[in-house]
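1. next input, structure requested:
(one chain, ligands or ions: 1)
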Amino acid sequence: MRSKIVAGNWKMNKTYGETKKFVNELKDAVKGLKLKNTRMIIAPPFTNLQKASKKTKDTRIEVAAQNMHQAESGAYTGEISASMIKSVHVKTVILGHSERREYFGETNELLAQKVDTALKNDLEIIFCFGEVLEDRKDENHFKVVEEQIRKALFHLTSDQWKKIILAYEPVWAIGTGETASPEQAQEMHAFIRELVAERYISDVSENVSILYGGSVKPANAKEIFSQEDVDGGLIGGAALNAEDFTALIKAI
Ligand code: 13P
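-> Here you go, the predicted structure:
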């Protein structure tokens, strides 16, 4: 059975002190929640990963990194490697976020390398992809999403897919307040699952969690999360506040 997941991508937000405060609040808020098959993940900036990881030890709250470099180590000033992430007991990394693609020039080819390095280091990946507004207007959104997934992930074995979580984030819905409708999300998620089903054995497509991201808030989460092929959310703005983040967990 695939997991339900609520993941918060903090992006470039929260200092060390703010991270401690958030984690304390979240720990209190989720105490006693019956989570069953549901995972809670927070992705703070690199400087706060170790603190978040230590403070959430022995809880159901998991910690993820927001990015990593494709090389194992070396002369890459300012970059962070997979083994550095692992060394602070973080087991998951977000790759391919549209902001990394847009502002830092990350291509599908580069992301395929990052995916390989992450898996070599036994990290789980939340792999993001999604179309820009022009693609949707031109009705190219399925084609674009298919290419993003094919180029970065379809060289993997079925077994490697156990470490993959997919996150569909239409770029036009990120931080804009404009969410994909539940029907639009379901349509794309079903398309993605079918794409994976055509390439791999059915175990892979049935077990991969597909998250939706883009202006998810407590007010609209329930409707989006209740779609058959939506297994949770990757949340930006609303994940920065422990109360809202808890409401999103309750919504799932
Ligand atoms: P918002 O929830 O702020 O739209 O951001 C979504 C996102 O980019 C998560 O990775």
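2. quick one: contacts for the closest residue in space to G214 that isn't next to it in sequence?
-> Among residues not flanking G214 along the chain, A173 sits closest, at 2.8 Å (C-beta to C-beta, 6 or more residues apart in numbering). No exception for glycine: its C-beta is placed from N, CA and C like everyone else's. Neighbouring residues of A173 by C-beta atoms under 8 Å, 6 or more residues apart in numbering: 179-180, 213-215.
3. how close does A219 get to I94?
-> Distance of A219 to I94, given as C-beta to C-beta, to the nearest Å: 24 Å.
4. looking at the two, which one has more neighbours?
-> For A219 versus I94, neighbours defined as other C-beta atoms under 10 Å are more numerous around I94 (23 against 12).
5. hmm, whichever strand or helix holds the more buried one in reach of the ligand?
-> Assigned by DSSP states H and E, I94 belongs to strand 92-95. No - on the criterion C-beta under 6 Å from any ligand atom, strand 92-95 is out of touch with the ligand, staying 7.2 Å away.
6. thinking again about what came up before, so which of the contacts of A173 also contact the ligand?
-> Within these, those near the ligand by C-beta under 6 Å from any ligand atom are 213-215.
7. of those, buried ones?
-> 213-215 (16 or more other C-beta atoms under 10 Å).
8. now pLDDT and secondary structure too, for those residues, in TSV please.
-> Converted to TSV, those look like this (pLDDT from 0 to 100; DSSP: H, G, I helix; E, B strand; the rest coil):
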residue	pLDDT	secondary structure
G213	96	coil
G214	95	coil
S215	93	coil
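9. okay, now P218: neighbour count?
-> So P218, with other C-beta under 10 Å, has 16 neighbours.
10. wait, it sits on L248?
-> Yes - assessed by C-beta atoms under 8 Å, P218 is found in contact with L248 at 6.1 Å.
11. any residues in contact with both of those two?
-> With C-beta under 8 Å, 6+ apart as the test, P218 and L248 both reach A238.
12. picking that back up, for the residue nearest to G214, what are phi and psi?
-> Backbone torsions for A173, taken as degrees, to the nearest 10, come to phi -110, psi 0.
13. mind checking how far it is from T77?
-> 34 Å.
14. need the residues of the stretch 101-250 of the chain near the ligand, please.
-> Counting by C-beta under 6 Å from any ligand atom, the stretch 101-250 of the chain sits next to the ligand at 169, 174-175, 213-216, 234-238.
15. give me that answer again for 5 Å
-> 174-175, 213, 215, 234-237 (C-beta under 5 Å from any ligand atom).
16. any quick ChimeraX command for the buried ones out of these?
-> Selection of buried members from these for ChimeraX, criterion 16+ other C-beta under 10 Å:
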select :174,213,215,234,235,236,237
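17. top helix in this structure by residue count?
-> Longest helix of the chain, by residue count under DSSP state H: helix 182-199.
18. now do the buried residues in stretch 206-217.
-> 208-217.
19. my read: K55 touches V23, true?
-> Yes - taking contacts as C-beta under 8 Å, K55 lies within contact range of V23: 4.6 Å.
20. give me the number of residues near whichever residue of the stretch 1-150 of the chain sits closest to the ligand?
-> Nearest residue of the stretch 1-150 of the chain to the ligand: N9, at 3.6 Å (C-beta to the nearest ligand atom). Residue neighbour count, defined by other C-beta under 10 Å, stands at 26 for N9.
21. contact partners for it?
-> 43, 66, 94, 97, 213, 234-236, 239.
22. next one: it from A167, what distance?
-> From N9 to A167 the distance is 9 Å (C-beta to C-beta).
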